[in-house]
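Q: Sequence and predicted structure, then a few things I'm wondering about:
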Amino acid sequence: MFVAKVLTLFPEAFPGLLGQSVVGRALGQHWALDVLNIRDYATDKHRTVDDTPYGGGAGMVLKPDVVAAAIAAAKATAGGHVVYLGPAGRRFNQAKARTLAALEKPLILLCGHYEGVDERVLERAVDDVISIGDYVLSGGEVAAQVVLDATVRLLPGVLGGNASLHEESFDLTDPATQQPLVEYPHYTRPAVWEGHDVPAVLQGGNHAEIAKWRLEQARERTLSISEVSNTSVTELHVNDFSIAKSFYTQLGFNVVWERKPEEFKGYLVLAMQANLLCLWGGSDVIHQHPFFKERPRNEWGTGVEIVICTSDLDVLYKKATALGCVVEALKMQPWGLNDFRIRDPFGYYIRVTTAHDIRNPRYAVK
Ligand code: ADE
């Protein structure tokens, strides 16, 4: 059985909402909750748990000896994976919930209060720090309940039929980009409500059409709520989409959408992880534009190096080697990233490198 242990200064806050609905009904059956009061591990007669911060400043800091003793007590019987809930952690998401639901040891959640917890105990006794969002709560208890709710409902047997698990927000991934998608809209009877129809495709019973419509809706909704958008996109002008598709899909890209060459010379959008490549079939057209017409092809301002960032550089290098397109072998660069260079079938020069954020000053070579 999945075991959660919560270390808190406010034990009466539990199970709280976790005692309700599906998660509450599963408590004791599919998961167990153990709540430990951090104050019970204080050693002085005032049961002191916190102290003022070294270096000054507002607030109080939870003492390392008290927190370490509470964690040790929680781990004493079966060990555990210790998570501290704090705004400086990695953002909680559905993938993290799945990881926690698959734990084979107890999940120990440490709730902070006041200004936080002494860093030395976080470094030594905590396996992971999780934040539920970019805001500061007055304590980790609400965050612990969020994390447990999202995790427990993924445990086998907690939700009735498992089918509903796979088609909801963030359990859906885009088959083209492997990125998470939020859910598509749902409708139920009546077919017309206050003059508003249920979309015809859903009433038609064509399963392929329904799946296509739902994917489009999920993509649109995901884009409409995403805070980061691709502010710059690389567009390559190519004369043959079938060569482009064959080459880039072998490299690991997927087709997001395609407009046939008959319409405005076509357009092909390809994606791999966070990389977007747009291909246009209008090279002959664009070379009639004054900007391109004036320039010989090798002049400054016409040369372009495209950078593809990946978490699977070695896999991509093998694929590129098999395709025979490598023009510079994989090597470590002075700025600390591996890369290799390829020439695509149209002659574009492409650097393939490890996923990174180039805004980080560590990549400035001194
Ligand atoms: N404790 C305080 N703020 C928090 C946050 N944003 N996420 C998780 N735990 C917290």
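A: That came through, no problem. Quick caveat, the model's predicted, so the values are computed rather than measured.
Q: Point out the residues in this structure that sit beside the ligand.
A: Proximity of the chain to the ligand (CB under 6 Å from any ligand atom) is limited to residues 85-87, 112, 131-133, 135-137, 140, 143. Yep, even glycine has a C-beta here, placed from its N, CA and C like the rest.
Q: Leaving aside the residues adjacent along the chain, what's closest to A72?
A: The shortest distance from A72 to any non-neighbouring residue, by CB to CB, 6 or more residues apart in numbering, is to A125 (7.9 Å).
Q: still on that earlier bit, name the member of the residues of the chain next to the ligand that has the highest neighbour count.
A: Within the residues of the chain next to the ligand, G140 tops the neighbour count with 30 neighbours, counted by other CB atoms under 10 Å.
Q: so what's G157 closest to, chain neighbours aside?
A: Using CB to CB, 6+ apart, the nearest residue to G157 is H30, at 5.2 Å.
Q: and the one you found, how far is that from the ligand?
A: 25 Å (CB to the nearest ligand atom, to the nearest Å).
Q: same deal with R219?
A: R219 is 29 Å from the ligand, by CB to the nearest ligand atom.
Q: Enumerate every residue touching that residue.
A: Contacts for R219 (CB atoms under 8 Å, 6 or more residues apart in numbering) come out as 174, 181.
Q: Among the residues of the chain next to the ligand, which one sits closest to S232?
A: G133 (27.6 Å; CB to CB).
Q: and stretch 9-28, what's its mean pLDDT?
A: In this model, stretch 9-28 carries a mean pLDDT of 97.
Q: End to end on it, go ahead and measure it.
A: Taking CA to CA, to the nearest Å, the span from the opening residue of stretch 9-28 to its closing residue is 23 Å.
Q: Just the buried positions in it, please.
A: 9-10, 13-15, 18, 23, 26-27 (16 or more other CB atoms under 10 Å).
Q: same deal with stretch 117-129?
A: Buried-residue list, stretch 117-129, by 16+ other CB under 10 Å: 117-118, 121-122, 125-126, 129.
Q: Show me where the stretch 51-200 of the chain has its helices.
A: Assigned by DSSP state H, counting those that start in this stretch, the helices in the stretch 51-200 of the chain fall at 64-75, 94-101, 119-125, 141-152, 163-166, 200-204.
Q: Quickly compare those helices and say which is most buried.
A: helix 141-152 (a mean of 22; mean count of other CB atoms under 10 Å).
Q: and it, what does it pack onto?
A: Under the contact criterion of 3 or more CB pairs under 8 Å, 6 or more residues apart in numbering; DSSP states H and E, helix 141-152 touches strand 2-8, helix 21-26, strand 81-91, helix 94-101, strand 107-111, strand 128-131.
Q: out of the ones you listed, nearest to E294?
A: That would be strand 81-91 among the helices and strands packed on helix 141-152, by CB to CB, at 48.4 Å.
Q: just checking, what packs against the closest one?
A: Counting by 3+ CB pairs under 8 Å, 6+ apart, the packing neighbours recorded for strand 81-91 are helix 64-75, helix 94-101, strand 107-111, strand 116-117, strand 128-131, helix 141-152.
Q: which outside residues touch that strand?
A: Contacts for strand 81-91 (CB under 8 Å, 6+ apart): 71, 74-75, 96, 100, 103, 105-112, 116-117, 122, 125-137, 140, 143-144, 147.
Q: Out of the buried residues of stretch 9-28, which two are the most distant from each other?
A: Put simply, by CB to CB the two of the buried residues of stretch 9-28 set farthest apart are L9 and A26, 26.5 Å from each other.
Q: By mean pLDDT, flag the weakest helix or strand of this protein.
A: Of all helical and strand segments in the chain, the minimum by mean pLDDT, DSSP states H and E falls on helix 163-166, at a mean of 52.
Q: who's in contact with the residue in the stretch 151-300 of the chain that the ligand sits nearest to?
A: Relative to the ligand, the nearest point of the stretch 151-300 of the chain is T151 (14.2 Å; CB to the nearest ligand atom). Residues in contact with T151 (CB under 8 Å, 6+ apart) are 2, 97, 100-101, 107.
Q: if we can go back for a sec, from I71, how far out is the residue nearest to A72?
A: Going from A125 to I71 by CB to CB, to the nearest Å gives 5 Å.
Q: next one: M272
A: Going from M272 to I71 by CB to CB gives 41 Å.
Q: how near is Q94 to L223?
A: Computed with CB to CB, the distance linking Q94 and L223 is 18 Å.
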